[in-house]
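Undergrad: sequence first, then the predicted structure, then my questions.
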Amino acid sequence: MILTCNSPSGVYPANGGYAHSALIEAPSRWLYTSGTMGLDIGWNAPAGVDAQLSLIWDNISAILAANDFSVDHIVHLTCMLSDPAFSRANAIAIKRALKGREVPRTVFSARLLDQSWLAEIQVVAVK
């Protein structure tokens, strides 16, 4: 088994002692991401859940691509929303990002570490 943890450029820096993803190769390739927020490269969160969800998926796509994966390889999502009222916006963003493909997902309401963060999504991908 080969395990590689990384934090690719093009995504906000992984401050706080974690990596954006862990890649396991044995013989399939499994990629686990950290919870990914809607932050730009300077750790700024745009206003509104739709804008943050869009940026979350941009960041997830960048993390996947840095590990030679795409959203087509996602097999599970864990979604944390700061308000249950964001559930519909989250479902729409997922449907758009995955082009209608359905995968198992867990969604729950949680108090995120910064009050400006409205959502956080973790993915598992296999190739």
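TA: Sure, I can see it.

Undergrad: when you work out contacts or count neighbours from here on, use the C-alpha atoms and nothing else.
TA: Fine.

Undergrad: what's the longest helix in the protein?
TA: When the chain is parsed with DSSP state H, its longest helix is helix 49-66.

Undergrad: summarise which helices and strands that helix is packed against.
TA: Contacting helix 49-66 under the criterion 3 or more CA pairs under 8 Å, 6 or more residues apart in numbering; DSSP states H and E are the following elements: strand 36-37, helix 87-97, strand 119-126.

Undergrad: can you give me the angle it makes with strand 119-126?
TA: Angle, helix 49-66 to strand 119-126, by axes from the mean of the first three to the mean of the last three CA atoms, to 10 degrees: 30 degrees.

Undergrad: got the CA coordinates for helix 49-66 in CSV?
TA: Extracted as CSV, the C-alpha positions of helix 49-66 are listed here (Å, rounded to 0.1, in the frame of the first residue of the first chain):
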residue,chain,number,x,y,z
VAL,A,49,-24.7,29.6,0.3
ASP,A,50,-25.0,29.3,-3.5
ALA,A,51,-21.7,31.1,-4.0
GLN,A,52,-20.0,29.0,-1.3
LEU,A,53,-21.3,25.7,-2.7
SER,A,54,-20.1,26.7,-6.2
LEU,A,55,-16.6,27.4,-4.8
ILE,A,56,-16.6,24.2,-2.8
TRP,A,57,-17.2,22.3,-5.9
ASP,A,58,-14.4,24.2,-7.7
ASN,A,59,-12.1,23.4,-4.9
ILE,A,60,-13.1,19.7,-4.8
SER,A,61,-12.6,19.5,-8.6
ALA,A,62,-9.1,21.0,-8.2
ILE,A,63,-8.2,18.6,-5.4
LEU,A,64,-9.5,15.6,-7.4
ALA,A,65,-7.6,16.8,-10.5
ALA,A,66,-4.4,17.2,-8.6
